[in-house]
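>>> Need a 3D model of the following:
(one chain, ligands or ions: 1)
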Amino acid sequence: MPLCLYECLRAVGLQSHYARFTSFGVHRAAHLSVLTMEDYPILGIRSMEDRTRLFHLVKMVKALDLEYEDDDADYDADGGDEGYPGADSNFTYDGSVDPDDNVCDDDDEKGAARTAGYNYGLPLSSPPAPNKKQLGGQRISVCLRKRPLTHKECRRGEADVVTTPSGECVIVHENKEAVDLSQYKLQHKFYFDQVFGAESSNEDVYRRTAYPLVLHMLKGGKATCFAYGQTGAGKTHTMLGSPVRPGLYALAARDIFAYLSTAHMHSPLLVYVSFFEIYCGQLYDLLDHRKRLFAREDGQKVVHIVGLRDIRVDSVSSLLEVISQGTEERTQGMSGVNPLSSRSHALLQIQLRDTNQQIAGRMWFVDLAGSERASDTKEPDRQSRMEGAEINQSLLALKECIRSLDQEQSHTPFRQSKLTQVLKDSFVGDSMTCMIANISPGHLATEHTLNTLRYADRVKELRGEIGLRRGRKGKTIHSPKCSVGEKRRLSREGTEAIFGQDRGKHEKRSQKETGEGEVRKRGEKWVGKKQIPQMSQLMEYGVLRSEKEWMATVYRPPTAALTARASLTTFQLSHPINELQQNDPSPQPVNIPTHS
Ligand SMILES: Nc1ncnc2c1ncn2[C@@H]1O[C@H](COP(=O)(O)OP(=O)(O)OP(=O)(O)O)[C@@H](O)[C@H]1O
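Numbers count the residues shown, from 1 in each chain. Purely as a prediction, here's the structure:
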């Protein structure tokens, strides 16, 4: 029978701290064995006498070598030992987990479903040293997280097509079918600053992504943590988590309040939280019944969100309660206006202020809208087209801003989207950014997974054009038995991936309708092989001024898109490469890939 935590604490006269212990995830006597002295203040053990008592208790528990595992499944709904006073119950998380959507090889979500009342299972050990790479000057990190297959996916017989062979590399094994119906695999390899496999916990992810940002914020800095990925890829799991697996919000809140309760400051710092959503270019306050908000710049070019409600919070549980309130509001909005949550960007801001209301640190958590619907628009209505365009525009603007941030450019195109406009303050000065791209491992999601990876890869590349040479770029390897014909088809598919599949189809149709295929053919001939110029090349030649302009051609009706393409190729025909290079104000080496 497991040793009871309450009894242990009572034996050394610390039973009054029981509720606090459970609220910080110490539910069982066995949990005591991993406590270090750095954890004592968080648990409310401050006096020398109490510290000594706990120290001896921990020593005793260690000597007994109690079983640490399967604790989550055992403790009851109050978050602790049966029959004993429960933990801080201010925060009520309904723990509703779709029983069908639990993760295949994981059993402790069951605990989540059964656990009510706030406990959040906060981890025990003190924070390890922060990621030196990030603190040592790297202001942007791009990380990837693969989630495990869910039960639903397993039942559907989905195969896991994503492998994470190392902490920096991820490979997508895309199943393909050749014209002769033979199967082959395409391997897409990507490298990121950190790659988290299906076995990684929220705590692992937090330690190596958001934790350095929290430290930066506590020192008075600005930080932003983005979660990106298609619907169902694990953004909410990463950001919000569940009672037994607290997400980044809860883990960051824990460290912030732990720091504030132990640090010696002249004047206390207060914590404020605000939460709003950007949907179709409009701002809605999630803490104020979806009130419409407006972003305005003052004389000093500082962006203010007029009317944004911020709420003061004084504990981890009250902060999580506010977040849960806002998340519900977002969900309600979904049913009325927005059928999928990931069609909007959700922005949570945690601010530290001194007693004069001066900002002493700020952190954003941004749950970005996924890009999946942009390519899903098989029969798009006007609304979904607008949503898709808006999402793409804001994601592209975000990339450009991240580039400016890293390269310390004098001009940053904040105004290109509401997202970058409201985050402007976080991109200037001494700020740190982390993007966590989330992907699903199932073979049915391969296309979306690749889109997410390509986006994240591009953000990583943009981290400085030098990064292109220094960093490792994502690449696609096809199976060695590919015939020449297959390679040609792959090359064509690669082109479609660049310009969008729908566009490829539209163009073929339009060529028949308009007879404009001839122009395109000439353009291709000029390039030498069956290769349409890539966006980056077009930008280097000055044919397109920005990615935005490129996107605009993608979103035009098929005929217009084709005309745009035709004019591009005509432009190239009349401008030999070296002439274009001479005209380029910032000449760069131009490599036109030749495909066999
Ligand atoms: N790393 C993980 N470990 C275990 N389960 C996970 C993980 N990531 C996601 N899941 C599970 O996968 C399902 C979908 O995840 P989640 O709701 O976080 O996706 P999402 O990207 O937030 O989707 P949406 O954009 O629609 O809100 C959930 O049941 C969640 O519990």
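
>>> Quick check: which ranges of this structure have low pLDDT?
1-3, 65-138, 264, 331-342, 371-381, 403-415, 461-596 (pLDDT under 70).

>>> Which of the three states applies to residue 141?
Three-state call for residue 141 (DSSP: H, G, I helix; E, B strand; the rest coil): strand.

>>> what does residue 188 give?
Applying three-state DSSP: residue 188 is strand.

>>> how about the nearest residue to it, chain neighbours excluded?
Among residues not flanking residue 188 along the chain, residue 172 sits closest, at 4.4 Å (C-beta to C-beta, 6 or more residues apart in numbering). For glycine as for every other residue, the C-beta is placed from the backbone atoms N, C-alpha and C.

>>> ok, the helix or strand that contains the one you found: who's next to it in the sheet?
Applying DSSP states H and E as the criterion places residue 172 in strand 169-177. Using DSSP bridges, the strands paired with strand 169-177 are strand 162-163 (antiparallel), strand 183-191 (antiparallel).

>>> out of these, nearest to the ligand?
Among these, the nearest to the ligand by C-beta to the nearest ligand atom is strand 162-163 (12.4 Å).

>>> Not counting the closest one itself, show me its contacts.
Strand 162-163 is contacted by residues 146, 170, 171, 172, 173, 439, 441, 449 when judged by C-beta atoms under 8 Å, 6 or more residues apart in numbering.

>>> Could I get the contacting residues of the second one?
This points to residue 170. Residue 170 sits in contact with 144, 146, 162, 163, 164, 189, 190, 191, 192, 195, 439, 453, where contact means C-beta under 8 Å, 6+ apart.

>>> nearest to residue 431, of these?
residue 192 (20.2 Å; C-beta to C-beta).

>>> That closest one contacts residue 144, correct?
Yes. Residue 192 is within contact range of residue 144, at 4.6 Å (criterion: C-beta atoms under 8 Å).

>>> Name all residues that sit in contact with these two at the same time.
170, 437, 456.

>>> before we move on, back to that, could I get the strand holding residue 172 in CSV with only the CA atoms?
This file holds the C-alpha atoms of strand 169-177, laid out as CSV (Å, rounded to 0.1, in the frame of the first residue of the first chain):
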residue,chain,number,x,y,z
CYS,A,169,16.4,16.2,-37.2
VAL,A,170,12.9,15.1,-38.3
ILE,A,171,12.1,12.9,-41.3
VAL,A,172,8.8,12.5,-43.0
HIS,A,173,8.4,9.3,-45.0
GLU,A,174,5.8,10.2,-47.6
ASN,A,175,4.1,7.3,-49.3
LYS,A,176,3.8,7.7,-53.1
GLU,A,177,2.4,5.7,-55.9
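
>>> Go through stretch 385-402 and flag the buried ones.
387-402 (16 or more other C-beta atoms under 10 Å).

>>> still on that earlier bit, if you count surrounding residues, which of residue 192 and residue 144 has more?
residue 144 (29 against 26; other C-beta atoms under 10 Å).

>>> Okay, and the beta partners of that one?
Here residue 144, judged by DSSP bridges, has bridge partners residue 195, residue 437.

>>> pretty sure it contacts residue 191?
No. In this structure, residue 144 is not within contact of residue 191 by C-beta under 8 Å, at 9.3 Å.

>>> Relative to the ligand, which of the contacts of strand 162-163 is nearest.
Distances from the ligand to these, taken by C-beta to the nearest ligand atom, are shortest for residue 146, at 7.9 Å.
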